[in-house]
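Undergrad: Dropping a prediction and its sequence here:
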Amino acid sequence: MDRKIDELLFALMQNMTLAVSGERLARSLGVSHSTLVRWVDKLRKAGVEIRGELFTGFRLIRLPDVMLPQLIRTRLHTQSFGRNLYHFYEVDSTNAFASRLLNHGRKIPDGTVVIAESQTAGRGRLGRNWHSEPESGLYFSVIFRPRVPPSLAPLFTLTAAVAMHNAIERHTRLDVDIKWPNDLLIGGKKICGILAEIQAEVDLVKTMVVGIGLNVNHQKLPEEILQRATSLRIASGSIQSRLEIFAEFLEEFENLYRHFEKAGPASIIEQWTEHSSFADGREVEIHDGVKLIKGTTRGLNSLGALRIEGKDRNIEEVYSGDVIAWK
Ligand code: BTN
C-alpha cells in the first residue's frame, strides 16, 4: 500500500503555490532524502507533474486526478464501505491483492476497498485481461461477507451492477444499460465490467471480492476493444470526476446491500430488470461455458439466473455465461 506516498502528495497539494523544501518534506514524513526522491519519482511515473528537486524544493504543477484516501474520505457518506482503504499507484490486480489480504488471515473489516491508479495484470471475466490505464479509469475491489449460501452469491454482482448503473446515471445523466449478468453499456458499448470472486464453504459464503473496472476518462481505447468499448468521457464529451462517481457508487452499493440483507433480493431483481434492456424479449446467444444457448430472454428467476425461451418454447435458466450475440 502506498500510504506514505499518499501523504507526500497530500502535503504537496496543501502547498500548491510554492515549492516545499525536500528537507522539510523528508523530515515531516520521517524518511531519508533518498526515499523521498524515490517516492517523487514514483509519483511522476504515475503521471503526477512535480517540478523541482530535493535542494530547490518540490512543487505540484497541476492538481492531479489521484484517488487519494484523504480526498475520498471527505466525500464518503457510508457507514462501512470504503472506510478501510488500500490505495496503490500500481498493483498487479486489486482483486488479487484483496485475495492476498484475506489469505493472510488478518481480520479485514467488511466493506474494505482496494483501489489502484493502474493495474499491471487487471483480470477480466473468463480469463480475459482488463485494460487499466493510469488516471483514466476506476479499478477497485470491495471485500464483504454476505451471510448467504453460495447459490445466492451472483445476486451480489447484480447488486453491484445496479449500484454502478445508478451512480453513473445520477452523476452524468447518460443512459446506461445493463447487459446480463453485469456489464454496463452505453450506446451498446461496454464501459464497466464486474468480476466477483468468492471463498465459500459448501453452504456459506465466507468472503466475497467484487472487483469493478470502469472506463471514465479514457480519450482513446486500444484498437482491440475500440469497437466494443467506450468511456464516460467519450460518451459524454466531458471529463468526469472519478472521485465523485466512486463515492456515489459506494454509498449506493452499501444501501442496496443492507436492504438485501434485511429484505432479500426481490428489489435487486426488480431494479436490475427495470434498468436492463436484456431482461425481457431480447434475442440472444449465450455461451454458458459448456454449450451455446439461443433464444429470447424472459426475465430473471429469484436467484438472478436469466430465463431463456428456446424455439421449442421451453425455458432454460442460465446461471452464468456470456452473452456473445444479441439483437
Ligand atoms: C469483466 O471482464 O467484464 C470484468 C472486469 C473486472 C475488472 C476489474 S478492475 C478492478 C478489479 N481488479 C481486477 O483485476 N479486475 C477487476
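TA: Arrived safely, thanks for sending.

Undergrad: So which residues on the stretch 101-250 of the chain come close to the ligand?
TA: 119, 122-125, 128, 130, 139-141, 183, 193-195, 211-213 (CB under 6 Å from any ligand atom). Every C-beta, even on glycine, is put in place using the N, C-alpha and C of the backbone.

Undergrad: so how far is stretch 51-70 off the chain centroid?
TA: Centroid displacement of stretch 51-70 relative to its chain, using CA atoms, centre = their mean, to the nearest Å, is 26 Å.

Undergrad: If we go by neighbour counts, what in it is buried?
TA: Gly52, Leu54, Gly57, Phe58, Arg59, Leu60, Pro64, Asp65, Val66, Met67, Leu68, Pro69 (16 or more other CB atoms under 10 Å).

Undergrad: rewinding a little: just the buried ones from the residues of the stretch 101-250 of the chain next to the ligand?
TA: 119, 122-123, 125, 130, 139-141, 183, 193-195, 211-213.

Undergrad: least trustworthy position among those, going by pLDDT?
TA: The weakest per-residue confidence within these falls on Arg125 (91).

Undergrad: Tell me how far that residue lies from Leu185.
TA: From Arg125 across to Leu185, the span is 15 Å (CB to CB, to the nearest Å).

Undergrad: Next step: the residues of the stretch 101-250 of the chain next to the ligand restricted to strands.
TA: Tyr139, Phe140, Ser141, Asp183, Gly193, Ile194, Leu195, Gly211, Ile212, Gly213 (DSSP state E).

Undergrad: and the residue of the chain found nearest the ligand, what does it touch?
TA: As assessed by CB to the nearest ligand atom, the ligand sits closest to Gly193 within the chain, at 2.1 Å. Gly193 makes contact with Gly124, Arg125, Trp130, Asn182, Asp183, Leu184, Ile212, Gly213, according to CB atoms under 8 Å, 6 or more residues apart in numbering.

Undergrad: Include distance to Ile168 when you put these into a markdown table, please.
TA: Below are these laid out as a markdown table (distance: CB to CB, whole Å):
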| residue | distance to Ile168 |
| --- | --- |
| Gly124 | 19 |
| Arg125 | 20 |
| Trp130 | 18 |
| Asn182 | 14 |
| Asp183 | 13 |
| Leu184 | 7 |
| Ile212 | 11 |
| Gly213 | 13 |
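
Undergrad: Tell me who's in contact with the residue nearest the centre of the chain.
TA: By CA atoms, centre = their mean, the chain has its centre lying nearest to Ile212, at 2.5 Å. The contact partners of Ile212, by CB under 8 Å, 6+ apart, come to Leu138, Tyr139, Phe140, Ser141, Val142, Ala160, Met164, Cys192, Gly193, Ile194, Leu195, Phe249.

Undergrad: Okay, and the beta partners of it?
TA: Phe140, Ile194 (DSSP bridges).

Undergrad: Please renumber the chain so that the first residue is 453 from this point on.
TA: Sure, I'll start counting at 453 from here, so that last one is Ile664.

Undergrad: show me the contacts for Val492.
TA: Neighbours of Val492 in contact, by CB under 8 Å, 6+ apart: Leu460, Ile502, Phe510.

Undergrad: Sounds good, over and out.
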